[in-house]
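J.: This is a predicted model, with the sequence first.
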Amino acid sequence: MGLVIFVAMGVYLLISIGAVAWAVSHAKKHGKSIKRWGWGAALVMYMIPFWDWIPTVATQQFYCAKDSGFWVYKTLDQWKAENPGVAETLVANKGAHQTQERFDDGQGVTDTYTLNDRFNWIVIKQDISSLLPIIRVEQQVNDVKKGEVLARYIDFGSGNSVKNTVGPPGPLKFWLHSGNCSGGAINKSKLIHFADDAETISNQGEKK
């Protein structure tokens with residue numbers, strides 16, 4: 001795939017050089033501004049693949065600053081204090097039963113993992129725009145019985161689409177790819193650690 005991408009880029013570069021050369025030649029023949037026609041052709045050829053680069057980066061950074069992060073609304077120790085004796089009855093679901101549901105005409109998908117009889121790990125991915133390739137990712141650890149969110153992580157990645165996983169931009173526009181907001185990988189690991197502890201909450205005393 002990498003070889004195909006570089007070959008495609010090389011071919012496009014040659015086409016772009018040819019287009020600029022034609023524009024310059026056309027301008028000379030017809031007494032027009034060589035700079036305007038040359039730079040105009042170069043700008044058009046640049047914008048064809050790169051038109052969405054600046055809007056994508058700017059939009060991702062905006063949402064990262066506005067919404068991304070990791071929050072613990074209730075620690076597992078607090079949950080255990082509010083639900084005495086329940087943690088000792090819970091058994092980790094090593095099979096990690098999973099259900100998947102698509103929504104918003106395929107632009108969103110929710111994966112639900114059953115950690116044990118009380119906790120679910122929910123992963124929600126959604127395209128925030130049909131024009132720009134930016135995915136909003138939210139992960140939660142929920143108390144199923146009370147419908148309560150104990151911890152939440154929100155992040156934004158760019159360069160791919162939930163609905164169009166196979167089509168462009170995909171690997172072709174590799175310059176758009178950014179997996180996380182700044183600090184997103186650390187926040188994700190915190191949520192995963194919280195989910196692991198929630199799954200094995202009955203054994204936490206033994207760990208300590």
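T.: Arrived safely, thanks for sending.
J.: Tell me how many other residues crowd the residue lying closest to Gln126 once chain neighbours are set aside.
T.: Once flanking residues are discounted, Gln126 sits nearest to Gly108: 3.7 Å by C-beta to C-beta, 6 or more residues apart in numbering. C-beta here means a position set from N, CA and C on the backbone, and glycine is covered the same way. Each residue near Gly108 was counted by other C-beta atoms under 10 Å, and the total is 18.
J.: What segments of this protein are helices?
T.: Along the chain, the segments classed as helices by DSSP state H run 2-29, 34-50, 53-67, 76-82, 184-199, 204-207.
J.: quick one, what contacts the residue nearest to the spatial centre of the chain?
T.: The geometric centre of the chain, computed from its C-alpha atoms, lies nearest to Gly157 (C-alpha atoms, centre = their mean), at 3.0 Å. Neighbouring residues of Gly157 by C-beta atoms under 8 Å, 6 or more residues apart in numbering: Gln60, Ile134, Ile135, Val137, Ser178, Gly179, Asn180, Gly184.
J.: follow-up on the earlier one: quick one: the residue nearest to Gln126 from Trp121, how far?
T.: 17 Å (C-beta to C-beta, to the nearest Å).
J.: okay, the helices of the chain in a markdown table with distance to Phe103 next?
T.: Converted to a markdown table, those look like this (distance: least, C-beta to C-beta, whole Å):
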| stretch | distance to Phe103 |
| --- | --- |
| helix 2-29 | 32 |
| helix 34-50 | 31 |
| helix 53-67 | 19 |
| helix 76-82 | 29 |
| helix 184-199 | 21 |
| helix 204-207 | 34 |
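J.: low pLDDT regions in the chain?
T.: 1-6, 8, 95-97, 165-172, 204-208 (pLDDT under 70).
J.: Can you give me the domain assignment for it?
T.: Following automatic domain parsing, the chain resolves into domains at 1-51, 53-207.
J.: Which of those domains has the highest mean neighbour count?
T.: domain 53-207 (a mean of 16; mean count of other C-beta atoms under 10 Å).
J.: picking up where we left off before, taking the contacts of Gly157 one by one, which sit in strands?
T.: Ile134, Ile135, Val137 (DSSP state E).
J.: Was I right to think the last one contacts Ile154?
T.: Yep, that's Val137 we're talking about. Yes: in terms of C-beta atoms under 8 Å, Val137 counts as a neighbour of Ile154; the distance is 7.1 Å.
J.: to the chain's geometric centre, what's the distance from stretch 126-145?
T.: How far stretch 126-145 lies from its chain's middle: 8 Å, per C-alpha atoms, centre = their mean, to the nearest Å.
J.: And for stretch 77-94?
T.: Per C-alpha atoms, centre = their mean, the centroid offset for stretch 77-94 relative to its chain is 32 Å.
J.: again, but for stretch 118-127
T.: The answer for stretch 118-127 is 14 Å, by C-alpha atoms, centre = their mean.
J.: just stretch 65-80 next, same as before
T.: Using C-alpha atoms, centre = their mean, the offset of stretch 65-80 from its chain centre is 20 Å.
J.: Please enumerate residues in contact with it?
T.: 86-87, 136, 143, 148-156, 181, 183-184, 187, 190-191, 194, 197-198, 201, 204.
J.: Grab the nearest non-local neighbour of Glu199.
T.: By the measure of C-beta to C-beta, 6+ apart, the closest residue to Glu199 outside its immediate chain neighbours is Leu115, 3.9 Å from it.
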